[in-house]
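Q: how does the following fold in three dimensions:
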Amino acid sequence: MSSFTVGGLSTGVDYNELIGKLIEAQRQPITILENKKTSYNNKISSYSELSTKLSTLKSAADKLKYSYNFYVKTSSVSDETVLDATPSGITSVGNYSVSVTTLASEEKEAHSGVASSSTVINNSGSNKVFQYTYAGTQRSITVATGTTLDGLKNLINDDTGNPGVTATVVSDGTNSRLIITGDDSGSTKTISIDAGTTLDGTGSTSDFRSSTFTQTKAAANAAFTVDNLSITRSSNTFSDVIEGMTITLKKQGGVSSNISVSNDTSAIKEQINDFVDAYNEIAEFLSTNMAYDSVTGISGVLSGEGTARNIQHRLRGIISDEVSGLSGDLTLLAQIGITTDSETGKLEVNGTTLDSKLGSYIDDIADLFKSSDGVATSIYDYITEITSTVDGSITLRKDGLSDIIENIDDTITRMEFRLDKTEDDMMRKFTSLEMLVSNFNTVGNYLTNFSTTA
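A: This next block holds a predicted model:
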């Protein structure tokens, strides 16, 4: 923008307005470029939004492309006081009988006690040692003179080499007692107070040798049977006995409970519906943004975009094409009640048909989605391909649009520079013209006045 102004007092012409209109006319190419830049930015935003919707569809497909995700299982337990059972997609449908003999437990060692938690247990004037072993790892705790019972508790808990015990102080109404508890259950997680303990009750110390501790709970494995097969585990919660099932034992003493596992067809149907909904979001988005209204002449943001058109075409193909290589009779989504609306391109689900097929052909439906050429697998792989941040078609198109925008910015900068120079030139020329006319007027006025006085 020029810093010059010219008033036009001599000629009566408003040069500022005239120059402004001339420059405005010459700015039209820049305005066109700015409109194109806005259009390209809108395309980039639309592709970003499309990527987000594709990510949602990819997540929905991921739940259908693997057996452990597709097969949602449900279980019932005949006696929930005995155990809890949570199956996964790989747990086999069937009935299991579990009988619990003993529960796994952690070990507890309780000291005979001292007067209170603030009782000084080492008043000897020198350091003493409390030594113990847990699960095969021995620790020697240095107990400084002046240490209280509560202090010993803290030394054990704060020890950076603590092998896995927790110390507490409990008052039994007469004495305060140090309790050492193993953090883990299982027969190998035993606790022993070792001979290296020099807190022995002599020399103004309290006795913390092994003879002053009582085992109140023994480290033990869980012992149980599954369908009369004897099994032991170090924990009451485990996932390696019945494939894919997490079991938590809760009660012991020869008690039994039956577990029944079945396919949760309602949950599987919900996953399929989620997949359909995610697909329809994309179908509607592409249809709207790729549309051209011949009556109004208005185009969608992605109208004419080859990348968007290819994505729409490929997704439709995966959804409608027959899945090859399947051993069952179901090879099309339409056979399980999922059809495509010819006008909108969106999927429609016949719930009654889908329920019926899930009840009778669940394995065939699983293959339809999760086989190597299955619908969910193909959708997942295709979205992974086109959304790759390195060479995905959406990424490449967005990068290309960004390059175009950068070139437009450079062009606009050059054009703005030339336009500013043109405006400055105009200002100087009109200023010179104004001065010339002013001089002519001065001479004219002189000659007029001279003629009048002569």
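
Q: got the buried residues for stretch 177-194?
A: The neighbour-count check on stretch 177-194 (16 or more other CB atoms under 10 Å) flags 177-182, 184-186, 189-191, 193 as buried. Bear in mind the C-beta positions are built from the backbone N, C-alpha and C, glycine included.

Q: who are the contact partners of the residue nearest to the spatial centre of the chain?
A: Nearest residue to the geometric centre of the chain (CA atoms, centre = their mean): S59, 10.5 Å. Contacts for S59 (CB atoms under 8 Å, 6 or more residues apart in numbering) come out as A278.

Q: F213 too?
A: 109-112, 180, 193.

Q: how about a cut-off of 10 Å?
A: When contacts are counted by CB atoms under 10 Å, 6 or more residues apart in numbering, F213 touches 108-112, 132, 177-180, 191-193.

Q: could you check the pLDDT of G94?
A: Among the per-residue scores, G94 holds a pLDDT of 97.

Q: hang on, I meant V437
A: Note for V437: predicted pLDDT of 59.

Q: mind picking the two most distant members of the buried residues of stretch 177-194?
A: Spanning the widest gap among these are R177 and G186, at 24.6 Å by CB to CB.

Q: ok, the nearest residue to S88 once chain neighbours are set aside to V261 distance?
A: Using CB to CB, 6 or more residues apart in numbering and skipping the chain neighbours, the partner closest in space to S88 is G244 (3.9 Å). From G244 across to V261, the span is 9 Å (CB to CB, to the nearest Å).

Q: joint contacts of the two?
A: Joint contacts of G244 and V261 (CB under 10 Å, 6+ apart) are 73, 87, 91-92.

Q: of the residues you listed, closest to L54?
A: Of all these, L54 sits closest to K73, with 29.3 Å by CB to CB.

Q: and that closest one, what does it touch?
A: Counted by CB under 10 Å, 6+ apart, K73 has contacts 86-93, 244-245, 261-264, 267-268.

Q: that older thread, name the SS class of the residue nearest to the centre of the chain, please.
A: Using DSSP: H, G, I helix; E, B strand; the rest coil, the structure places S59 in helix.

Q: any idea how far it is from F275?
A: For S59, the distance to F275 - CB to CB - is 9 Å.

Q: can you check I298 too?
A: 32 Å.

Q: looking at the two, which one has more neighbours?
A: Neighbours were counted for I298 and for F275 using other CB atoms under 10 Å; F275 has more, 25 against 10.

Q: doesn't the more buried one fall inside a helix?
A: Yes - checked against three-state DSSP, F275 lies within a helix.

Q: ok, D264 - contacts?
A: Here D264 is in contact with 71-75, 87, 89, 270-271 (criterion: CB under 10 Å, 6+ apart).

Q: quick one, phi/psi of K217?
A: K217 adopts backbone torsions of phi -150, psi 130, taken as degrees, to the nearest 10.

Q: distance of it from S88?
A: On the measure of CB to CB, K217 and S88 end up 32 Å apart.

Q: equivalent analysis for Q335, please.
A: Counting by CB to CB, the gap from Q335 to S88 is 28 Å.

Q: one more: L326?
A: The gap separating L326 from S88 is 25 Å, by CB to CB.

Q: list the buried ones in stretch 333-350?
A: Buried-residue list, stretch 333-350, by 16+ other CB under 10 Å: 333, 335-340, 345-347, 349.

Q: can you give me the end-to-end span of that stretch?
A: Stretch 333-350 has an end-to-end distance of 11 Å (CA to CA, to the nearest Å).

Q: repeat that for stretch 353-370.
A: For stretch 353-370, the first and last residues are 20 Å from each other (CA to CA).

Q: okay, domains of this structure per the record?
A: 1-72+264-430, 73-104+221-263, 108-217 (automatic domain parsing).

Q: so how far is G400 from V301?
A: From V301 over to G400 the distance is 16 Å, taken as CB to CB.

Q: and for T52?
A: Between T52 and G400 the distance, using CB to CB, works out to 20 Å.

Q: residues touching Q312, list them.
A: 282-283, 285-287, 290, 302, 305, 345.

Q: out of the residues you listed, which are inside strands?
A: Of the positions in these, not one sits in strands, assigned by DSSP state E.

Q: looking at it, T232 is touching S185, isn't it?
A: No - counting by CB atoms under 10 Å, T232 stays clear of S185, with 11.6 Å between them.

Q: and for those two, which residues touch both?
A: 104, 220-222.

Q: near the residue nearest to S88, how many other residues are there?
A: Applying other CB under 10 Å, we find 18 residues neighbouring G244.

Q: about what we covered before: what about the contacts of Q312, which are in helices?
A: Mapping the contacts of Q312 onto helices (DSSP state H) picks out 282-283, 285-287.

Q: of those residues, which is the most crowded?
A: Top of the ones in helices among the contacts of Q312 by neighbour count (other CB under 10 Å): L286, with 24 neighbours.

Q: residues contacting that residue?
A: L286 touches 46, 50, 53, 300, 302, 305, 308-309, 311-313, 315-316, 345, counting by CB under 10 Å, 6+ apart.

Q: Y40 versus that one, what's the distance?
A: Using CB to CB, L286 is found at 19 Å from Y40.
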